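Undergrad: Return a 3D structure for these sequence lines:
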Amino acid sequence: MSESFTDKAKDAAHKVAEKAKAVGHEASEKAHEVGHKISEKAHEVGHKIDEKAHELGHKAGEKAGEAKEWVKEKTHQAGEKVEQAGENIKKKS
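TA: Below is the predicted model:
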């Protein structure tokens, strides 16, 4: 006996459902893989940002130290000039 139209339709529907399930599973795996790659790249970028921030913080600290030394030197020079001016006033008196 030959298969009925209903049996053929059920068989075709079953094959389509199996194919759809396989494609869905494959798409899910690809999405997971892409998500994992994005996560890895985000982690790498975060690490690079952290390194650059550390480097910039170090440079800023160096510049602040240089500025402190410059201010100290200029303050010392100004103090010497004031002292010298006071001595000059004493000599003239």
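Undergrad: Could you list the domains of the protein?
TA: Using the TED database, the domain ranges for the chain come out as 1-48, 49-92.
Undergrad: I'd like those as JSON lines, with mean neighbour count and mean pLDDT appended.
TA: C-beta here means a position set from N, CA and C on the backbone, and glycine is covered the same way. Below are those laid out as JSON lines (neighbours: other CB atoms under 10 Å; pLDDT from 0 to 100):
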{"stretch": "domain 1-48", "mean neighbour count": "10", "mean pLDDT": "92"}
{"stretch": "domain 49-92", "mean neighbour count": "10", "mean pLDDT": "93"}
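Undergrad: Which phi and psi values does K91 adopt?
TA: For K91, the backbone dihedrals (degrees, to the nearest 10) come out as phi -70, psi -40.
Undergrad: Mind checking which residue lies nearest the centre of this structure?
TA: G46 (3.1 Å; CA atoms, centre = their mean).
Undergrad: From the chain's centre, how far out is the strand or helix carrying Q84? Work that out for me.
TA: Assessed by DSSP states H and E, Q84 sits inside helix 5-92. Mean-position distance between helix 5-92 and its chain equals 2 Å (CA atoms, centre = their mean, to the nearest Å).
Undergrad: Use 851 as the first number from now on
TA: Understood, numbering begins at 851; the last thing we discussed is helix 855-942.
Undergrad: Give me the secondary structure label for E853.
TA: coil (DSSP: H, G, I helix; E, B strand; the rest coil).
Undergrad: ok, now which ones touch it?
TA: D861 (CB atoms under 8 Å, 6 or more residues apart in numbering).
Undergrad: can we see that at 7 Å?
TA: Contacts for E853 (CB atoms under 7 Å, 6 or more residues apart in numbering) come out as none.
Undergrad: With the one 3 residues further on instead?
TA: Contacts of T856 were listed using CB under 7 Å, 6+ apart, and none were found.
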